[in-house]
Each structure stands twice: as C-alpha cells, then as structure tokens.
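K.L.:
Sequence plus predicted model, see below.
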Amino acid sequence: MGRRCVVEPDRSGKPSFTERLNAPVQGTAADILKLALARLWEARKEHPQAVPILSVHDEIVIECDAEAAQETVRWLGDTLCSAVEDVLGRPELAGHDLVETSVVHSWGET
C-alpha cells in the first residue's frame with residue numbers, strides 16, 4: 001500500500017527490534033481495516049438495512065435489523081476477506097476462517 005515508517009535508532013544507535021517488527025504488522029492491519037471500511041461505505045446503498053457505526057482497533061460494528069443479521073455477517077466477512085487479499089496479495093491468506101463475526105442483540109453482549 002506504499003506505507004513507509006522511519007524507525008529512529010535507540011540508545012545503541014540501532015532501530016529497536018520490536019519497533020521494526022511492530023510497524024509493518026500494525027500498519028498492514030490498519031491498511032486492511034481502512035480498505036474494508038471504505039468498501040463497506042461504498043456498498044452501503046446495497047445494504048440499506050445495515051449501518052457501519054463503529055470501528056475500534058481491529059473490530060467493525062454494524063447495526064442492522066435482526067432479519068438482516070446473517071446477510072450482514074456475509075457482507076462484512078466478504079468485505080474483510082477481499083481487503084486482506086488485496087492488501088497482502090495472497091488469496092490463500094484471506095479465507096473466511098480468518099474473520100470472526102458475531103451477532104448480538106445489544107452492545108452489552110459483546
């Protein structure tokens with residue numbers, strides 16, 4: 001996705017191992033999440049019964065009618081898997097077992 005991260009050297013003059021490892025992992029996860037959110041927004045008219053309302057860390061919360069829950073789960077899962085495939089460029093990493101979804105009646109149940 002073209003992300004660059006300049007890692008400053010630590011006291012010994014070398015970039016920190018955890019910083020070098022963490023930035024690509026977290027940056028890639030952020031790219032996947034942002035791409036999925038953009039695609040959900042673009043497809044919102046195709047799913048008028050579901051509204052993406054919240055994104056925190058690695059979660060997306062979508063509010064929908066109970067009757068539309070399973071269709072919304074498929075929409076979210078497909079969108080996230082396609083974002084993983086496009087960002088990583090490896091279809092074998094974008095299986096549906098990668099995405100965890102749950103349907104709850106209220107936010108207090110999550």
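P.N.:
Noted; the coordinates are in hand. Numbering: from 1, shown residues only.

K.L.:
all strands of the protein, in order?
P.N.:
Per DSSP state E, the chain carries strands over the ranges 50-56, 59-64.

K.L.:
most packed of those?
P.N.:
Comparing those by mean neighbour count (mean count of other Cβ atoms under 10 Å), strand 59-64 ranks first with a mean of 16. C-beta: built from backbone N, CA, C; applies to glycine.

K.L.:
Can you check what angle separates that strand from strand 50-56?
P.N.:
150 degrees (axes from the mean of the first three to the mean of the last three Cα atoms, to 10 degrees).

K.L.:
follow-up on the earlier one: let's have the strands of the chain in TSV, adding distance to Thr18 and mean pLDDT.
P.N.:
Formatted as TSV, the strands of the chain follow (distance: least, Cβ to Cβ, whole Å; pLDDT from 0 to 100):
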stretch	distance to Thr18	mean pLDDT
strand 50-56	23	91
strand 59-64	24	92
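
K.L.:
For those, give me CSV that also has distance to Thr79.
P.N.:
Shown next, in CSV, are those (distance: least, Cβ to Cβ, whole Å):
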stretch, distance to Thr79
strand 50-56, 10
strand 59-64, 9
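
K.L.:
most centrally placed residue in this structure?
P.N.:
When Cα atoms, centre = their mean is applied to the chain, the residue found nearest the centroid is Leu33 (2.9 Å).

K.L.:
Report whether the expected contact of that one with Leu76 is present.
P.N.:
No - counting by Cβ atoms under 8 Å, Leu33 stays clear of Leu76, with 12.0 Å between them.

K.L.:
intersection of neighbour lists for these two?
P.N.:
Ile60 (Cβ atoms under 8 Å, 6 or more residues apart in numbering).

K.L.:
what about the closest residue to Leu35 other than its chain neighbours, neighbour count?
P.N.:
Closest residue in space to Leu35, ignoring its immediate chain neighbours: Ala83 at 4.2 Å, by Cβ to Cβ, 6 or more residues apart in numbering. Neighbour count for Ala83, taken as other Cβ atoms under 10 Å: 22.

K.L.:
list the helices and strands the helix-or-strand element of the chain with minimal mean pLDDT packs on?
P.N.:
One helix or strand of the chain scores below all others by mean pLDDT, DSSP states H and E: helix 17-42, with a mean of 88. Applying 3 or more Cβ pairs under 8 Å, 6 or more residues apart in numbering; DSSP states H and E, one finds that helix 17-42 contacts strand 50-56, strand 59-64, helix 69-88.
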